[in-house]
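> A predicted structure for the sequence below; I have some questions about it.
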Amino acid sequence: MARMRGPRFKQCRRLDLNVCGHPKAMKRAGNGQSRASGKLSSYGRQLLEKQRLRGYYEVMEKQFKRYVKNAMADSEQTGHALLKTLETRLDNSVYRLGFASSIRQARQMVVHGHFLVNDHKVDIPSYAVKPGDTIVLREKSRANTHFKTNLAQRALSKPPYYSISEDTFTGELVRMPDAQEIPIEIDVHLVVEYYSKIS
């Protein structure tokens, strides 16, 4: 399975944005070395926003282009459709619910088969979670202290479109998210403009 493997903090500094969510990611930022800090052309700004959005969800370019293409064919506004698709991937859902401390950790947990979706084992990070779907930590995985620690630390930052029961290690996508509720900083229309030009 192809995945982004580069240093997360270095990526955040290059993009001039904390896309990995770690509190120390931007500690060394602001020293004038960020490529994103200079004056950018219209194309450069679009490219930067595309890279930032990919960085948030750590999706490879080939798959990301497929998501954009599908979003463009959707009856909904392209940018919103794209964000909803990315936000409801299984690995991101596991991260948002608080089972993992990062998207990379969430992806690893999914691949290792720690979760059930609607009582079925799913180990595909890109699996599309739908409203009403339940995500449950498998019984044999609950002894792992990482899950309890992560849930305790992220309990207050859960987005409103997810619900979580820490007692039963069960989460649910209550509804599809509104674009403005998704906890990322991105000008998604620039991403759409970028792919509109190259398609």
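The structure has been received and is ready for your questions.
> what's the burial count for residue 101?
When neighbours are defined as other CB atoms under 10 Å, residue 101 has 16 of them. Any C-beta I mention is one placed from the backbone N, CA and C, and that applies to glycine too.
> Correction: the previous question concerned residue 177.
When neighbours are defined as other CB under 10 Å, residue 177 has 21 of them.
> Helix, strand, or coil at it?
At residue 177 the chain is in coil, as set by DSSP: H, G, I helix; E, B strand; the rest coil.
> Not counting sequence-adjacent ones, nearest residue to it?
Excluding its sequence neighbours, the residue lying closest to residue 177 (CB to CB, 6 or more residues apart in numbering) is residue 161, at 4.4 Å.
> mind listing what's buried in stretch 107-119?
Buried positions in stretch 107-119, judged by neighbour count with 16 or more other CB atoms under 10 Å: 107-110, 114-117.
> quick one on the thing from earlier: state the distance from the residue nearest to residue 177 to residue 134.
Using CB to CB, to the nearest Å, residue 161 is found at 14 Å from residue 134.
> neighbour-wise, which of those two wins?
Neighbour count, other CB under 10 Å: between residue 161 and residue 134, residue 161 has more, with 20 against 16.
> Would you list the phi and psi of the more buried one?
Main-chain torsions, residue 161, degrees, to the nearest 10: phi -90, psi 0.
> Give the other helices and strands that whichever helix or strand residue 106 is part of contacts.
Assigned by DSSP states H and E, residue 106 belongs to helix 103-111. Packing contacts for helix 103-111, counted by 3 or more CB pairs under 8 Å, 6 or more residues apart in numbering; DSSP states H and E, involve helix 90-97.
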